[in-house]
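Q: when you get a sec, could you give me coordinates for this:
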Amino acid sequence: MIASCAGMDVPNPAAPDSRELRPITGPVTDVAGLELRAVSWKKQLDAPLTVSQTIDPAGGTISMPETGLTIEFPAGAVTTAVTITVTADPNYVAYKMDPAGTQFLKDVRVTQLLNTTSVLDLPLLSQLYVAYIPDDSVSLSGILPVLELEPSTTIFSLLSPLFPQAEVWTIRHFSRYILASG
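A: Numbering: from 1, shown residues only. Have a look, this model is predicted:
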């Protein structure tokens, strides 16, 4: 288990340490037979939310406070300035990240606070996963057609060690990602 002394309203939880909930250390592409279901928002969004920001070689951060998403780009992740657009799905904890196919030279850290999701205030009964899904035409309800799982860490509070606080993962390319349980 991961422990953190931060509260549910902390905008950026403590960095994960070496104690991970699961031993995924790199993208997992053999997901045959794994039945994952999308995690939904605690309260459905009125419409898809979008945020755009230019990230240059110095790095930067993109935040979407309404959903609890933060993306941190380290210095050197891109070689030239690029306008990044992130769109949140109105029903599920899923994001389309553009320009699709953008490759990063360094790991980009993504943090999803769970205080806006359906797993808030519930003990974690099944593992959380960050899944890369193929395209915009995929239905996010039911069992998800996943291309790969990204290495991620679930952060728990010391005060409530059964209740997840955040999911943290790294990416090296942009596409469509979703938080799912299995």
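
Q: helices or strands up against the helix or strand hosting residue 53?
A: Counting by DSSP states H and E, the element that carries residue 53 is strand 49-55. If you count contacts as 3 or more Cβ pairs under 8 Å, 6 or more residues apart in numbering; DSSP states H and E, strand 49-55 packs onto strand 60-64, strand 82-88. Every C-beta, even on glycine, is put in place using the N, C-alpha and C of the backbone.

Q: ok, and what's touching the shortest one?
A: It stands for strand 60-64. 11, 49, 51, 53-55, 69-73, 84, 86, 88 (Cβ atoms under 8 Å, 6 or more residues apart in numbering).

Q: pull out the buried residues from stretch 88-100.
A: Buried residues in stretch 88-100, counting neighbours by 16 or more other Cβ atoms under 10 Å, are found at 88-89, 92-98.

Q: please list all residues in contact with the residue of the chain most remote from its centre.
A: Outermost residue of the chain with respect to the C-alpha centroid, by Cα atoms, centre = their mean, is residue 80; its distance is 24.5 Å. By Cβ under 8 Å, 6+ apart, the residues touching residue 80 are 56-57.

Q: rewinding a little: closest one to residue 107 out of the buried residues of stretch 88-100, please.
A: residue 97 (14.6 Å; Cβ to Cβ).

Q: was I right about the closest one contacting residue 172?
A: No - contact between residue 97 and residue 172 fails when scored by Cβ atoms under 8 Å: they sit 11.9 Å apart.

Q: how long is stretch 173-182 from one end to the other?
A: The straight-line separation of the ends of stretch 173-182 (Cα to Cα, to the nearest Å) is 24 Å.

Q: pull the distance from it to the chain's centre.
A: In terms of Cα atoms, centre = their mean, to the nearest Å, the centre of stretch 173-182 is set 7 Å apart from its chain centre.
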